[in-house]
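# Quick one: sequence and predicted model below, then my questions.
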Amino acid sequence: MTTARQKFRAIMTGKRLVLMPGCYDALSARVIEAEGFEAVVAGGYAAVGSLLAQPDMGQSNMRDYADHYARVCAAVNVPVYVDADTGFGGVNNVRQMVRAFEDAGVAGLFLSDQVFPNRCGYLPGKSIVTTEQMLAKLKAALDARRDPSLFIAARTDAAGVTSVEDAIERCQLFMEAGVDMAKPMGVDTIADIKRALREIPGPHMATLSQAAGPKARSLEDLEAAGVVAATFPSLPLFAAAHAVRNVLRILKSKNSLTPTQEHVLTLDDYYDLVGLKPMLAREEAYDQAAAALTHKRAAE
């Protein structure tokens, strides 16, 4: 049986562009899977937004993320690729993080070379660690991995701090260290992506985040360039916030529940999404099995 981690590796070594929306909780992950997407992204931006209602400036911790990702992974069968920030400290913290995230069921994770605490790569005020410090963390992550199919990637924010050249050089060293992918964050134009694909071994994953603002690039252009995956880490989060605000404004302005009904899932659709029927069937099966056992004992 092919595992979620093996499925993710197949995606990342494929030749076609795979779209990976970002969940903000277990329910949104279930929606992504139900709509036919092959993988789910769970990033820090969406996690901090949904858990704390705050911008992502590194204010969550490893255990919060591990618990959050475990709930997401338990809700779906498709691979879940997650944000590991900076590894939440030094090499020993990185080791602990890899073990915890692996236990949570993630298919893959990526570490950033930002100074702890990590912040969203599209926010100002970032600083990066030395290349040597990042390489030490990556070696610790690779050594901590128990399942060799766990996908470990490295991300550099050097392009927004020093230069694109520095970002590419760091990615080359990250790949030499043995990671499965090295991503230069902020290298978003088609021309720069093509350069990254030429100069950095391994696959390239594009990030299409609301936090980045509008960018002049299409999915067709990304696929033609050779990009194998495109993530939308904040799209469902922004859509959900917009939908909730919209329906509550209707409720308040109309002072009635009736006009909100066309803006929400039906009860049947919701129960189908969360799996009510299988749960009821399981409950009934266990009750019947217990009853049969007691009847058998009584008849003896």
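Okay, I see it. Residues are numbered from 1 along each chain as shown.
# And the closest residue in space to residue 101 that isn't next to it in sequence, its phi and psi?
Distances taken as CB to CB, 6 or more residues apart in numbering put residue 109 closest to residue 101, at 5.4 Å, once the chain neighbours are dropped. For every residue, glycine as well, the C-beta is placed using N, CA and C. Main-chain torsions, residue 109, degrees, to the nearest 10: phi -150, psi 160.
# and what of the one 3 residues further on?
Recorded main-chain torsions at residue 112 are phi -100, psi 150, according to degrees, to the nearest 10.
# give the contact list for it.
Residues near residue 112 by CB atoms under 8 Å, 6 or more residues apart in numbering: 84, 85, 86, 118, 121, 155, 156, 157, 185.
# Just the closest of those to residue 259, please.
Of all those, the one with the least separation from residue 259 (CB to CB) is residue 121, at 40.2 Å.
# Which residue ranges of this structure form helices?
Secondary structure of the chain (DSSP state H): helices located at 4-12, 26-34, 44-52, 62-75, 91-104, 131-144, 164-177, 190-199, 219-225, 235-254, 267-274, 276-299.
# burial measure for residue 227, as a count.
Residue 227 has 23 neighbours, counted by other CB atoms under 10 Å.
# measure it to residue 63 for me?
Noted for residue 227: a distance of 33 Å to residue 63, by CB to CB, to the nearest Å.
# what do you get for residue 286?
Distance, residue 286 to residue 63, by CB to CB: 33 Å.
# got it, and residue 183?
Noted for residue 183: a distance of 25 Å to residue 63, by CB to CB.
# Kindly report the same for residue 93.
Relative to residue 63, residue 93 is positioned 11 Å away (criterion: CB to CB).
# Have a look at these two and say which one is more surrounded.
Under the neighbour definition other CB under 10 Å, residue 93 and residue 63 were set side by side, and residue 93 has more, 16 against 12.
# if I pick the more buried one, what's in contact with it?
Applying CB under 8 Å, 6+ apart, one finds that residue 93 lies in contact with 62, 87.
# same deal with residue 78?
For residue 78, the contacting residues are 4, 7, 32, 33, 37, 38, 39, 40, by CB under 8 Å, 6+ apart.
# so the last one makes contact with residue 31?
It refers to residue 40. No: taking contacts as CB atoms under 8 Å, residue 40 lies outside contact range of residue 31: 9.8 Å.
# With neighbour numbers in mind, choose between the two.
Counting neighbours by other CB under 10 Å for residue 40 and for residue 31 shows that residue 40 has the greater number, 28 against 19.
# List the beta-bridge partners for that one.
Applying DSSP bridges to residue 40 yields these beta-bridge partners: residue 80.
# repeat for residue 108
Using DSSP bridges, the bridge partners assigned to residue 108 are residue 81, residue 151.
# before we move on, the earlier item: kindly reformat the contacts of residue 112 as CSV containing pLDDT, neighbour count and distance to residue 296.
CSV is the format used below for these (pLDDT from 0 to 100; neighbours: other CB atoms under 10 Å; distance: CB to CB, whole Å):
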residue, pLDDT, neighbour count, distance to residue 296
84, 96, 28, 52
85, 94, 26, 56
86, 94, 25, 59
118, 75, 25, 59
121, 61, 23, 63
155, 96, 30, 60
156, 96, 31, 65
157, 93, 25, 65
185, 92, 22, 63
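# Which of those residues fall in strands?
155, 156 (DSSP state E).
# Put together a markdown table for the contacts of residue 112, with distance to residue 281 on each row.
Putting these into a markdown table (distance: CB to CB, whole Å) gives the following:
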| residue | distance to residue 281 |
| --- | --- |
| 84 | 38 |
| 85 | 41 |
| 86 | 45 |
| 118 | 44 |
| 121 | 45 |
| 155 | 43 |
| 156 | 49 |
| 157 | 49 |
| 185 | 46 |
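# Looking at the contacts of residue 112, which is nearest residue 221?
When the contacts of residue 112 are compared for distance to residue 221 (CB to CB), residue 185 comes out closest, at 19.0 Å.
# Let me see the contact set for that closest one.
Under the criterion of CB under 8 Å, 6+ apart, the contact list for residue 185 reads 112, 121, 155, 156, 157, 159, 160, 167, 207.
# and the gap between the fourth one and residue 138?
In this structure, residue 156 lies at 11 Å from residue 138, with CB to CB as the measure.
# Also the first one?
Here the criterion is CB to CB. By it, residue 112 lies 11 Å from residue 138.
# nearest residue to residue 160 other than its sequence neighbours?
residue 186 (4.6 Å).
# Isn't the one you found up against residue 157?
Yes: here residue 186 lies in contact with residue 157, judged by CB under 8 Å, at a distance of 6.8 Å.
# picking that back up, looking at the contacts of residue 78, which one is closest to residue 198?
Looking at those and their distance to residue 198, the nearest is residue 39, at 25.6 Å (CB to CB).
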